[in-house]
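Peer 1: My questions are about this predicted structure, shown below with the sequence.
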Amino acid sequence: MRVNPISTGGGLALTLALTLALGTGAVRAQALPPVVWDVAATHSQLTAGLPDGESLSVRASVALPQGSSLNAELMQERKFGAKGGVVALAYTATLGPDWFATGTLVGGNGGPNWANARADAQVSTKWLEQRQLVTSAALYRAEFDAGRSDSGLRLAATWYTELPAVLPTVLPAVLEAGTTFNVSQPGRVHSAMPYVSATVGRAGQQYLSLRATSGSEAYQAIGLQTQLVNFRSRSQSATWRQWIGPQWGFTAQAEHYRNPTYQRKTLGVGLFAQW
């Protein structure tokens, strides 16, 4: 199973800090600036004699009229000794007072770990008096080299709240839980990847996002002749987004991933600008 770099935050692409800023959840959420640019680089160290990995990504988010938004990402990676990358485009449209939908298209190249083509369609709705609960459901399909494919369903629930008033100022918080149910071909290999995450902070100051996953994966190519099939994995990650000036700042991230074959530690830094 592989994750869309825009829609889920896999690889820490669009962090939940930006989810808070998008304002698609509750009335408490803060409005996204008209344009946000992110540039980030990561370095990964792997065990089991596997080569180190690197990535470089450029992302842009544009707020459109009536609550819609457009997100784009270009990412180049080196992992397991191969080079590849993806380009992704996502559009979010408001369908009504409590409904919105996101469509994502992805194209890539470089080998079995990057989808040649992928499409996602997600629908979300707001609940409760203050619309602080958002539930989402998405379907996706991805095509890879040599006739490989992934298809599946994502379900998620997001709760917009505030930290207890024990701090000098009350901080907005976003709590999210969800899972991805995946079927990979050939062989109809089933996998599922639940996750939980939490983001606290305020636009113009800082965000801190924590995320944990633990589940199963269908396929992962770790070399030209070596492929992991139907195995369990887990990861923990943290992302910090700090404003330095009114319109710019930096990001830092860390992730620890493990499966029965190897472990991976990733550190990343980046810059963002908004206007």
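Peer 2: Nice, thanks for sending it over. Numbering: from 1, shown residues only.
Peer 1: Please enumerate the helices of this protein.
Peer 2: 16-22 (DSSP state H).
Peer 1: Output the lowest mean pLDDT helix or strand found in it.
Peer 2: helix 16-22 (a mean of 37; mean pLDDT, DSSP states H and E).
Peer 1: any low-confidence regions in the stretch 151-275 of the chain?
Peer 2: Residue ranges of the stretch 151-275 of the chain with pLDDT under 70: 165-168.
Peer 1: could you pull out the strands for it?
Peer 2: Along the stretch 151-275 of the chain, the segments classed as strands by DSSP state E, counting those that start in this stretch run 172-185, 189-202, 206-221, 227-245, 248-258, 263-274.
Peer 1: Of the ones you listed, which is nearest residue 52?
Peer 2: Among the strands of the stretch 151-275 of the chain, strand 263-274 comes nearest to residue 52, with 9.4 Å by C-beta to C-beta. Using the backbone N, CA and C atoms, a C-beta is placed for each residue, glycine as well.
Peer 1: ok, now how distant is residue 249 from residue 161?
Peer 2: 24 Å (C-beta to C-beta, to the nearest Å).
Peer 1: the more surrounded of those two?
Peer 2: The residue with more neighbours, out of residue 249 and residue 161, is residue 249; 20 against 16, by other C-beta atoms under 10 Å.
Peer 1: Not counting its neighbours along the chain, what's nearest the more buried one?
Peer 2: residue 243 (4.0 Å; C-beta to C-beta, 6 or more residues apart in numbering).
Peer 1: List the beta-bridge partners for residue 55.
Peer 2: residue 42, residue 77 (DSSP bridges).
Peer 1: show me the residues around it that make contact.
Peer 2: 11, 40, 41, 42, 44, 75, 76, 77, 78, 79, 268 (C-beta atoms under 8 Å, 6 or more residues apart in numbering).
Peer 1: Hmm, residue 270 and the third one touching each other?
Peer 2: Yep, that's residue 41 we're talking about. Yes - judged on C-beta atoms under 8 Å, residue 41 makes contact with residue 270 at a distance of 6.8 Å.
Peer 1: So these two - more neighbours on which side?
Peer 2: Between residue 41 and residue 270, counting by other C-beta under 10 Å, residue 270 is the more crowded of the two (21 against 13).
Peer 1: I am finished for the moment; much appreciated.
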